[in-house]
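[1] let me see the structure of the following:
(one chain, ligands or ions: 2)
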Amino acid sequence: MLGKATDFVLTLAYPQACQICEQSVENLSDGVACRACWERTRIFSGAETLCNKCGKFLQAKPTNFQTFCHKCDEHFYDAASAVGIYEYALSASVLNLKREPFVAKRLQKLFVSRFQNSSFQDATKIIPVPLSKKRFLERGFNQAAVLAETLAKQSRTPLDRLTLVRQIHTPLHRASMDNKARETSVKNAFEVKRPKLIEGESILLVDDVFTSGATVSNCAKTLKENGAEKVYILTVARAV
Ligand SMILES: [Zn+2]
Ligand SMILES: [Zn+2]
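    Ligands and ions are numbered 1, 2, ... in the order given. Here you go, the predicted model:
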């Protein structure tokens, strides 16, 4: 505990080095990335074309019609949205969130505003993608739950951290894994403990990063099989 408190004081006293370019981070609210790296990061503004279902980045220019990537046709959630692309400040923030249960102010604002500008306003419950017991014990916290807590507090939407659990300890998804391998590794990994609590609810499922969508789709499948009406996905970053 003392170690953590000391770290915080040191961070305040000396500007931190940006985890991407090593320039100093002048503003504490920027977290682990400097302002220039934040400015290089593609944050979705609503002007780009994204897949209407999974939120995949399709092109920088807008289109006048609804667009689908169709790779997500089989996914079980209703729609997914992210703050921006998994690069620079967003990837550094996601990686840091696996080490420290802390969401910098700038990211908090972006995350909450993405939710408030989404079509997920009818969500009645926020649920974080759970970790297995083993990984939770290794890490000491669930980074998705840290994000979900922040969002629940600021949007005044009820948080539920207990209903959805991860039964099987799946290996960490590696960059080299293809979609099929990711899909197989999370199949049947999730379980709903108290179905009554999600019956007829519109669930907002929160995670740090959306890669293939296999994990969130399996969570959504389990939630819907147990009575959830709708499942939306909100993540900090979206892999391209
Ligand atoms: Zn930087
Ligand atoms: Zn899609």
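[2] and the protein, which residues reach ligand 1?
    18, 20-21, 23, 34, 37 (Cβ under 5 Å from the ion). All C-beta spots, glycine's among them, are computed from the backbone N, C-alpha and C.
[3] let's have those in JSON lines, adding secondary structure, distance to ligand 2 and pLDDT.
    JSON lines is the format used below for those (DSSP: H, G, I helix; E, B strand; the rest coil; distance: Cβ to the ion, whole Å; pLDDT from 0 to 100):
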{"residue": "18", "secondary structure": "coil", "distance to ligand 2": "32", "pLDDT": "96"}
{"residue": "20", "secondary structure": "coil", "distance to ligand 2": "28", "pLDDT": "97"}
{"residue": "21", "secondary structure": "coil", "distance to ligand 2": "32", "pLDDT": "97"}
{"residue": "23", "secondary structure": "coil", "distance to ligand 2": "36", "pLDDT": "95"}
{"residue": "34", "secondary structure": "coil", "distance to ligand 2": "32", "pLDDT": "97"}
{"residue": "37", "secondary structure": "helix", "distance to ligand 2": "28", "pLDDT": "98"}
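[4] dump those residues into a markdown table; add neighbour count and distance to residue 57 as well.
    As requested, the residues of the chain next to ligand 1 are exported to a markdown table (neighbours: other Cβ atoms under 10 Å; distance: Cβ to Cβ, whole Å):
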| residue | neighbour count | distance to residue 57 |
| --- | --- | --- |
| 18 | 23 | 24 |
| 20 | 19 | 20 |
| 21 | 14 | 23 |
| 23 | 14 | 27 |
| 34 | 26 | 24 |
| 37 | 21 | 19 |
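[5] quick one, strands of this structure?
    Secondary structure of the chain (DSSP state E): strands located at 16-17, 24-25, 49-50, 57-59, 79-85, 125-128, 164-166, 190-192, 202-210, 230-238.
[6] for residue 48, what are its contacts?
    Residue 48 makes contact with 57-62 under the criterion Cβ atoms under 8 Å, 6 or more residues apart in numbering.
[7] how much space between it and residue 42?
    Remark: distance between residue 48 and residue 42 (Cβ to Cβ, to the nearest Å) = 8 Å.
[8] anything in contact with each of those two?
    By Cβ under 8 Å, 6+ apart, residue 48 and residue 42 have these common neighbours: residue 57.
[9] re the thing from before, show me how to select, in PyMOL, the buried members of the contacts of residue 48.
    Buried subset of the contacts of residue 48, written as a PyMOL selection, criterion 16 or more other Cβ atoms under 10 Å:
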select buried, resi 57+58
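[10] show me what contacts residue 58?
    48-51, 67, 69.
[11] let's see that with 10 Å instead.
    Counting by Cβ atoms under 10 Å, 6 or more residues apart in numbering, residue 58 touches 48-52, 67-69, 240.
[12] what parts of the protein come near ligand 2?
    Residues of the chain lying near ligand 2 (Cβ under 5 Å from the ion): 51, 53-54, 56, 69, 72.
[13] how many residues are close by the closest residue to residue 222 other than its chain neighbours?
    Using Cβ to Cβ, 6 or more residues apart in numbering and skipping the chain neighbours, the partner closest in space to residue 222 is residue 190 (4.3 Å). For residue 190, the count of nearby residues is 22 (other Cβ atoms under 10 Å).
[14] got a list of what residue 190 touches?
    129-130, 164-168, 215, 218-223, 225-226.
[15] with residue 27 instead?
    Here residue 27 is in contact with 15, 34-35, 38, 104-106 (Cβ under 10 Å, 6+ apart).
[16] derive a ChimeraX selection command for the buried subset of those residues.
    To isolate the buried ones among the contacts of residue 27 in ChimeraX, judged by 16+ other Cβ under 10 Å, type:
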select :34,38,104,106
